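Engineer: what would the 3D arrangement of this be:
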Amino acid sequence: DYQQNLEDAKQLALLMETLNTLSVPTIVKIQGAAFGGALGLISCCDIAIASDNAKFCLSEVKLGLSPATISPYVLKAMGARRCRRLFLTAELFDAQQAEKWGLVHEVVKQGQLDDAVDKVLRQIISNGPKASIATKKLIRQVSESDLNQDKQHATAEIIASLRVSEEGQEGLSAFFEKRAPSWVDKDFGE
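Structural biologist: Residues are numbered from 1 along each chain as shown. From the prediction side, this is the model:
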């Protein structure tokens, strides 16, 4: 009934918002068909890498539905003008178009997908963990509206607190001493 569907939709909305605002970096690997809600999940992740044979579709209108719950995230990823067409036509598009339209960041051959994701993971884990969390928060804060004096102050506070933090001091020292910072796992490699 309506009430059960409303509760289900609220749970999906909560899932999307939780993934979108997760404090740690998120990566999505796409292979095969990604339809409907999958595009919302993709849009909520920080980094999206797709195989060259992946196919995408915002298929809800074909089912008599609307991509309502995922729309805020897909709209941010792909833009309102592009979404007008894709939401209303439910047309199929390929990985190259998904990259061109901002849904995915990188397209690789199917056999190279795991290596591409591993490369990004190595890049992320070589960065300061607390700095990554602060940077994700910064991106959310700054992208929500125009930069005003409050945001200028908030961004200044973020960088100042990171510069004087233990992690920031270690990172700067490692840079000037031409060595890896303490949080880099030497066994994982680069």
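Engineer: in the chain, where is pLDDT below threshold?
Structural biologist: Filtered on pLDDT under 70, the chain yields the residue ranges 145-156, 158-159, 186-190.
Engineer: please redo it, this time with the cut-off set to 80
Structural biologist: 1, 143-164, 168, 185-190 (pLDDT under 80).
Engineer: how is it carved up into domains?
Structural biologist: As assigned by automatic domain parsing, the chain contains the domains 2-123, 127-176.
Engineer: pick the most deeply packed of these.
Structural biologist: domain 2-123 (a mean of 16; mean count of other C-beta atoms under 10 Å). No exception for glycine: its C-beta is placed from N, CA and C like everyone else's.
Engineer: gap between that domain and the chain center?
Structural biologist: 9 Å (C-alpha atoms, centre = their mean, to the nearest Å).
Engineer: okay, how far is it across it, tip to tip?
Structural biologist: One end of domain 2-123 to the other measures 46 Å (C-alpha to C-alpha, to the nearest Å).
Engineer: which other residues reach the longest helix along the chain?
Structural biologist: Longest helix in the chain by number of residues (criterion: DSSP state H): helix 2-21. By C-beta atoms under 8 Å, 6 or more residues apart in numbering, the residues outside helix 2-21 that reach it are Thr26, Gly37, Gly40, Leu41, Cys44, Cys45, Ala68, Thr69, Ile70, Pro72, Tyr73, Arg140.
Engineer: any chance of JSON lines for the domains of the chain, columns distance to Trp183?
Structural biologist: What follows is the domains of the chain, written out as JSON lines (distance: least, C-beta to C-beta, whole Å):
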{"stretch": "domain 2-123", "distance to Trp183": "13"}
{"stretch": "domain 127-176", "distance to Trp183": "6"}
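Engineer: that concludes my questions; thank you for your assistance.
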